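Engineer: Only the shape, not the letters, is given here:
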């Protein structure tokens with residue numbers, strides 16, 4: 001299952017990329033395109049492009065900022081201007097207190113993780129992998 005990876009205001013890119021690759025391996029996860037964004041506008045363009053190419057898009061980073069470019073703020077702006085509802089979104093959490101999100105719309109899934117390899121590994125548990133696999137298996141199959 002191919003996925004696109006977008007680093008957004010991320011610091012530990014190579015460690016996070018390795019953690020994600022290992023975490024998604026059980027469902028055949030393979031990076032298709034890896035890009036980066038440093039502003040909300042760039043992130044929006046990257047996400048739009050990514051969703052056209054792959055059914056699974058992963059964003060890593062962006063949760064540490066206290067400005068308007070914080071990923072939580074950016075995602076809430078996106079959802080307020082779309083048909084997506086809270087039924088389409090679920091919060092992911094790690095014991096460290098870090099948060100991430102999974103958003104699904106039809107045959108597309110958007111995952112967002114903090115830029116912590118440990119949190120990515122923890123959040124990509126068996127339940128999440130089964131969910132992704134079940135929702136996207138018909139798309140990739």
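Structural biologist: Yep, it's here. Keep in mind that what you see is a predicted model, and the values were worked out from it rather than measured. Numbers count the residues shown, from 1 in each chain.
Engineer: burial measure for residue 125, as a count.
Structural biologist: Summarising burial for residue 125: neighbours were counted as other C-beta atoms under 10 Å, giving 11. For every residue, glycine as well, the C-beta is placed using N, CA and C.
Engineer: what do you get for residue 122?
Structural biologist: When neighbours are defined as other C-beta under 10 Å, residue 122 has 19 of them.
Engineer: mind listing what it touches?
Structural biologist: Taking C-beta atoms under 8 Å, 6 or more residues apart in numbering as the definition of contact, the neighbours of residue 122 are 94-96.
Engineer: For those residues, which single residue is the most surrounded?
Structural biologist: Scoring the contacts of residue 122 on neighbours with other C-beta under 10 Å, the highest-scoring entry is residue 94 at 17 neighbours.
Engineer: Doesn't residue 32 belong to a strand?
Structural biologist: Yes. According to DSSP: H, G, I helix; E, B strand; the rest coil, residue 32 belongs to a strand.
Engineer: who touches it in this structure?
Structural biologist: Applying C-beta under 8 Å, 6+ apart, the residues contacting residue 32 are 2-4, 53-54.
Engineer: Try it again at 10 Å.
Structural biologist: Residues near residue 32 by C-beta atoms under 10 Å, 6 or more residues apart in numbering: 1-5, 50, 53-54, 56-57.
Engineer: List only buried entries from those residues.
Structural biologist: Buried positions within those, assessed by neighbour count (16 or more other C-beta atoms under 10 Å), are 1, 3-5, 50, 54, 56-57.
Engineer: biggest separation within the residues you listed, which pair?
Structural biologist: Checking the buried ones among the contacts of residue 32 against each other with C-beta to C-beta, the farthest-apart pair comes out as 1 and 50, at 14.2 Å.
Engineer: where exactly do the helices run in this protein?
Structural biologist: Listed from the start of the chain, the chain has helices (DSSP state H) covering 13-24, 40-53, 71-80, 117-123, 126-140.
Engineer: Can you give the distance from the worst-scoring helix or strand of the chain on mean pLDDT to the centre of its chain?
Structural biologist: Counting by mean pLDDT, DSSP states H and E, the weakest-scoring helix or strand in the chain turns out to be helix 71-80, with a mean of 72. Relative to the centre of its chain, helix 71-80 is centred 13 Å away, using C-alpha atoms, centre = their mean, to the nearest Å.
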